[in-house]
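1. Let me see the structure of the following:
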Amino acid sequence: MDLRRALLLKPALIFSPITRPLTCATSAAPCPPSPLPPQKEPSSLDHTILKSVTSILSNPSLDSTQCRKVMPHLSPHQFDSVFFSVRRNVNPKTALHFFYLASDSCGFRFTLRSYCILMRSLIASGLVSPARLLLIRLIDQKLPVLFGDPKNRHIEIASSMVDLNEVGGSGVGVAVVDLLIHVYCTQFRNAGFQNAIDVFGFLANKGVFPTVKTCTFLLSSLVKENKLEKSYLVLETILRGVSPDVYLFSIAINAFCRGGKVEDAIQLFFDMEKSGVFPNVVTYNNLIHGLCKHGNLDEAFRFKEKMVKDGVDPTLITYSALINGLMKLEKFDEANSVLKEMLEKGFIPNVVVYNTLIDGYCKMGNIRDALRIRGDMVPKGINPNSVTLNSIIQGFCKIGQMEQAESVLEEMLSRRFSINPGAFNSIIHWLCMNSRFESALRFLREMLLRDLRPNDGLLTTLVGGLCNEGKHSDAVELWFRLLKKGFGANLVTTNALIHGLCKTGNMQEAVRLLKEMLDRGLVLDKITYNTLILGCCKEGRVEEGLKLKGEMVKQGIEADIFTYNWLIHGMCRIGKLDEALKLWNECKNRNLVLNVYTYAVMIDGYCKADKIEEGQKLYNELLTQNLELNSVVYNTLIRAYCRNGNTVEAYKLHDDMRSRGIPPTTSTYSSLIHGMCNIGCMEDAKSFFDEMRKEGLLPNVVCYTALIGGYCKLGQMDKLANVLEEMSSYDIHPNKITYTVMIDGYSKSGDMKTAAKLLQEMVEKGIVPDTVTYNVLTNGFCKEGKIEKGFKICDHMSQEGLPLDEIAYTTLVYGWQQSSLANQE
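-> All right, here's what the predicted structure looks like:
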């Protein structure tokens with residue numbers, strides 16, 4: 001941009017010449033109305049009324065009685081004509097009171113020109129404040145006035161002022177223009193300065209310009225609001241009719257630098273010098289800051305040398321800009337050199353300079369030097385502020401020293417400093433990754449107190465973590481707190497919470513959450529519905545799950561294979577095999593791709609319904625589907641065959657899964673062991689223990705309980721001690737089922753003393769007997785004819801809060817009958 005000619009020869013342009021008619025600086029403002037010629041006094045106007053108006057307006061105070069008498073005899077245009085002709089003789093204060101009285105009390109509508117004449121009179125008399133208020137009310141349409149086009153009244157007002165400027169004093173005209181621009185830039189800035197720019201462009205097109213001070217104010221207002229493109233166009237217009245001073249040049253240079261037009265800023269700087277305007281320290285600082293901001297450090301230092309050569313001393317702002325630029329480019333040594341020079345010049349670094357250095361080091365992960373700089377601040381009487389500590393948190397996070405970052409965050413909270421959302425998010429995420437959910441939740445609550453919104457990924461992680469830790473109430477409370485703050489969690493986070501609630505069977509809270517979502521118009525997705533359906537099915541509320549499936553279809557969401565899997569599994573669990581089959585067939589009819597889980601669920605349903613042949617058929621079909629089999633399918637069939645005593649088929653499946661590279665699991669072996677024990681093949685059962693250990697699997701309490709059960713069925717109670725000893729050597733402890741099986745075995749073999757001793761032992765170990773345990777012991781006593789002990793066992797059950805079931809009653813009744821018969825004999 002070449003401004004040499006623009007500034008030495010007027011008029012000229014900064015940019016390319018404007019070939020269109022200029023009505024505003026940035027947009028095509030509507031064409032102003034043609035100027036109204038001075039209206040002649042209508043012949044019909046009574047000279048008495050004319051004299052009365054003149055007398056009223058020229059008096060030092062307003063005669064309200066005379067005013068009310070004369071107003072009914074005047075039209076707006078008649079008054080305008082009179083007011084225009086006597087404008088130089090009126091008392092401005094009296095005229096102002098007259099206008100307000102006439103408009104407020106008499107409902108009189110003055111012409112726009114009449115208001116403009118009044119404003120000029122007020123300004124000419126030094127009454128700028130009343131003139132300003134009148135202009136504001138006029139623009140705001142708070143006064144009864146006749147506008148030609150109310151939407152473009154800003155142009156009409158400017159046009160009327162220009163027309164009056166041609167017949168009035170030029171000094172007053174410039175003051176009026178200054179007032180117009182100033183009011184639009186301040187009182188009506190919410191309009192985005194467009195009205196101010198339109199008026200400025202319109203006036204410039206008429207050859208009327210504000211003072212350089214007002215031009216500077218307009219340009220500065222645009223730059224402050226970051227309306228840079230508009231500021232460039234306004235600057236172009238200014239240079240057509242105003243000689244810029246150093247302040248206007250400095251603001252223009254700042255505008256170019258802020259907009260990344262650094263070359264234009266440099267050119268303007270040199271053109272300014274050519275025009276005889278000498279840059280001051282603000283000019284230099286604006287340019288140096290812009291150069292540093294855009295990485296042109298060499299040029300920045302050249303201008304710093306030039307300012308010293310020209311007798312302009314660098315300030316703290318100069319050095320701060322240079323240090324900031326160097327730190328951004330990771331030139332730490334040069335930055336420290338500038339800092340040293342600054343100190344030698346007698347400047348004391350302020351918190352901004354220190355924060356610049358600390359932030360630069362922290363962004364590079366050089367926390368050691370950052371902490372050193374922080375340590376230098378306090379002895380110099382400069383306390384670290386929130387910016388300092390936010391940078392230090394960032395530095396610790398960058399190098400993974402999260403404990404130290406957390407400590408700094410605690411310090412900031414205790415000092416009530418403002419904290420960046422990024423600092424909170426980083427530390428909360430680290431706490432979640434380390435399962436410190438209570439601390440994470442505490443910091444997140446602090447964020448909400450400061451009206452900071454955590455990011456969605458963090459919320460999902462925290463909510464999921466709280467649910468996994470069993471802190472569902474905290475997760476629900478957080479969800480509703482976010483909603484109350486206006487930071488409602490997104491669907492992913494909400495689904496994570498619903499999943500956590502459904503997983504633990506807390507369907508009541510899940511439904512409450514669902515209701516809140518629907519009440520607030522939140523749209524559910526397939527994941528939400530599937531999660532809720534899974535929760536219902538887990539609780540045995542499969543019918544509700546089916547209703548949810550119907551609802552999702554109504555909402556235009558197609559049920560997928562996961563929907564059907566949960567529902568089929570739910571139906572099978574509650575024994576509704578026919579309903580499960582309907583869903584299975586519906587799934588096939590919709591051409592959904594069945595997965596191995598679908599087959600496994602259906603096979604399990606058949607097996608539980610004792611329809612193993614149907615389960616086997618599905619297994620055979622599964623083999624043709626090119627699906628990858630897993631241990632779940634095999635274990636389901638093996639368990640069913642073993643339960644029915646068909647260990648041959650069970651063993652075949654065991655061999656088949658090994659041949660397909662699917663390693664048997666502990667569940668596989670526990671089923672096989674149980675099956676062998678049921679048919680009395682104890683040696684075969686024991687061989688599976690050895691096979692398990694070879695496979696790297698450790699037999700668990702289920703396996704050993706099955707073995708103990710086998711010995712009990714055979715009445716080989718002497719074998720139990722060895723089994724228990726082996727369990728102890730592997731640190732495997734008998735559970736409630738183990739004890740119940742042993743008590744049943746000893747009871748059936750008539751050793752009630754050992755059976756009772758085992759009951760006492762399990763209680764001493766903290767294992768609570770259940771109804772089944774007590775029933776087998778009661779049955780043993782009754783068979784031995786010890787009916788009284790049987791009743792004592794039942795009394796003990798009642799004391800423990802266990803209800804007597806049908807088996808207990810039947811056992812007692814039968815035992816009592818047998819005892820009575822024996823006594824009769």
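2. For R450, what are phi and psi?
-> phi -100, psi 10 (degrees, to the nearest 10).
3. can you give me the helices in the stretch 551-700 of the chain?
-> 561-573, 577-589, 596-608, 612-623, 631-643, 647-659, 666-678, 682-694 (DSSP state H, counting those that start in this stretch).
4. And for M797, nearest residue in space, chain neighbours not counted?
-> Y774 (4.9 Å; C-beta to C-beta, 6 or more residues apart in numbering). Placement of C-beta: from N, CA and C, glycine included.
5. does that neighbour really touch F791, like I thought?
-> No. Taking contacts as C-beta atoms under 8 Å, Y774 lies outside contact range of F791: 11.8 Å.
6. what stretches of this structure score poorly on pLDDT?
-> For the chain, the stretches flagged by pLDDT under 70 are 1-46, 166-172, 191-192, 790, 804-825.
7. Now the helices of the stretch 551-700 of the chain in a markdown table, please, with extra columns for mean neighbour count and distance to F84.
-> Below are the helices of the stretch 551-700 of the chain laid out as a markdown table (neighbours: other C-beta atoms under 10 Å; distance: least, C-beta to C-beta, whole Å):
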| stretch | mean neighbour count | distance to F84 |
| --- | --- | --- |
| helix 561-573 | 23 | 84 |
| helix 577-589 | 17 | 90 |
| helix 596-608 | 22 | 93 |
| helix 612-623 | 16 | 101 |
| helix 631-643 | 23 | 99 |
| helix 647-659 | 17 | 108 |
| helix 666-678 | 24 | 105 |
| helix 682-694 | 15 | 113 |
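8. buried ones in stretch 358-373?
-> Neighbour counts over stretch 358-373 (16 or more other C-beta atoms under 10 Å) mark 358-367, 369-371, 373 as buried.
9. isn't Q555 right up against L524?
-> Yes. Q555 is in contact with L524 according to C-beta under 8 Å; the separation is 7.1 Å.
10. Just want to know which of the two has more residues nearby.
-> L524 (21 against 12; other C-beta atoms under 10 Å).
11. that older thread, in terms of secondary structure, what does the host helix or strand of the residue nearest to M797 contact?
-> Per DSSP states H and E, Y774 falls inside helix 771-783. Here helix 771-783 is seen to pack against helix 736-748, helix 752-764, helix 787-799, helix 806-824 when contacts are counted using 3 or more C-beta pairs under 8 Å, 6 or more residues apart in numbering; DSSP states H and E.
12. tell me the angle of that helix relative to helix 787-799?
-> 160 degrees (axes from the mean of the first three to the mean of the last three C-alpha atoms, to 10 degrees).
13. Buried residues in helix 771-783, which are they?
-> Those would be V772, T773, Y774, N775, V776, L777, T778, N779, G780, F781, C782, K783, for helix 771-783 by 16+ other C-beta under 10 Å.
14. starting at the chain centroid, how far to that helix?
-> For helix 771-783, the separation from the chain centroid amounts to 61 Å (computed by C-alpha atoms, centre = their mean, to the nearest Å).
15. next one: stretch 696-713
-> 53 Å.
16. Just the C-alpha atoms of stretch 374-386, please, in CSV.
-> Extracted C-alpha coordinates of stretch 374-386, given in CSV (Å, rounded to 0.1, in the frame of the first residue of the first chain):
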residue,chain,number,x,y,z
ARG,A,374,7.8,-18.3,39.4
GLY,A,375,10.3,-18.3,42.3
ASP,A,376,11.8,-15.0,41.1
MET,A,377,8.4,-13.3,41.2
VAL,A,378,7.6,-13.4,44.9
PRO,A,379,10.8,-11.7,46.2
LYS,A,380,10.1,-8.8,43.7
GLY,A,381,6.7,-8.3,45.2
ILE,A,382,4.8,-9.9,42.3
ASN,A,383,2.4,-12.6,43.3
PRO,A,384,1.5,-15.3,40.8
ASN,A,385,-2.0,-15.0,39.5
SER,A,386,-4.5,-17.4,37.9
